[in-house]
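Undergrad: No letters, just coordinates:
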């Protein structure tokens, strides 16, 4: 039998014998350092994140090279650093699931050029590897139809169909994402109606809606109306002045009070002068976030494994598989749950 038997021990970091103690420590750690991640990235300044960085950390973080910042998630640390920063680094490593023991760490596969439109290198990597994993699991069980809950912009679904031949129904709560996924799919060559999308809040209350969508769209097929695609011009900027000019060209700044006169150029230039010296610290905070990313992901995966063990009536086995190259994508794990075969 493939995978971990549900009655056996689950994946846990070294030093942990049970999930309760791991969950307790991980929750405490995430709560203690929530100032590192508990804010929208665009609110870095207005949320006062820089003020939350321990004073004894600042000098050390600002002294790190780009390579050292990139190496932080992999356990890079120096004995000359403040003890509190060293302790943070050690805890990050101690709470990560043991990557060296994860199965399925094979190379990903390339996806056709016409499916790469609009995808960054990182997104191509994620989609290609996850699609290959799904195909491996489905093909071994003769599964030809896939339900994707939380389908986003539809990249994965379109690769699953065009590269591997699956029929796919994507459920997504964001109507804007559904619209963009449909438009993108219709713009691909040979769009044949085998991929469809539905705007739906998946919950116990929507069970009948989901079941109806599966019957009508996955089991019977669907034809989508073609829409015009909207192109977005992408420009790379290397200086603040070029970014500022592009902002002023593309946006109007309007206030509710018509008596207020905005001087956007002056105000933004002032803010840049005030905060530009903190750019390096912003990079350091991003490095700290990358370190905590693996802890947060490990916590979520362990929580899901606990759920599987508590609800195992129809489950055969599960695997925790390292799918992505974590130097390219932080989303490197997939939890594959297999259940006993049953008729549709």
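TA: Looks like it arrived, so ask away. Keep in mind that what you see is a predicted model, and the values were worked out from it rather than measured.
Undergrad: give me the number of residues near the residue lying closest to residue 111 once chain neighbours are set aside?
TA: Take residue 111 and drop its neighbours on the chain: the residue closest to it by CB to CB, 6 or more residues apart in numbering is residue 128, 4.9 Å away. (Each C-beta comes from the backbone N, C-alpha and C, glycine too.) Residues near residue 128, counting by other CB atoms under 10 Å, number 23.
Undergrad: ditto for residue 181
TA: By other CB under 10 Å, neighbour count at residue 181 equals 23.
Undergrad: List the contacts of it.
TA: 151, 152, 153, 154, 157, 170, 172, 197 (CB atoms under 8 Å, 6 or more residues apart in numbering).
Undergrad: May I see the buried residues of the one helix or strand it maps to?
TA: In this assignment (DSSP states H and E), residue 181 forms part of helix 175-187. For helix 175-187, a neighbour-count test (16 or more other CB atoms under 10 Å) marks 177, 178, 180, 181, 182, 183, 184, 185, 186 as buried.
Undergrad: just the helices in the stretch 151-300 of the chain please.
TA: Using DSSP state H, counting those that start in this stretch, the helices assigned to the stretch 151-300 of the chain run over residues 155-164, 175-187, 207-213, 240-250, 264-275, 279-310.
Undergrad: Domain map for this structure?
TA: Under the assignment automatic domain parsing, the domains of the chain span 113-231, 240-272.
Undergrad: neighbours around residue 139, how many?
TA: Number of residues near residue 139 (other CB under 10 Å) recorded here: 13.
Undergrad: give me every residue that touches it.
TA: residue 164.
Undergrad: what separates it from residue 40, distance-wise?
TA: 40 Å (CB to CB, to the nearest Å).
Undergrad: Angles on the backbone of residue 322, please.
TA: phi -80, psi 110 (degrees, to the nearest 10).
Undergrad: in terms of contact, does it touch residue 333 like I think?
TA: Yes: if you go by CB atoms under 8 Å, residue 322 and residue 333 touch, sitting 6.0 Å apart.
Undergrad: Show the subsequent helix or strand relative to the helix or strand hosting residue 50.
TA: Using DSSP H and E, residue 50 maps to helix 49-52. Following helix 49-52 in sequence order, the next helix or strand is helix 55-63 (DSSP H and E).
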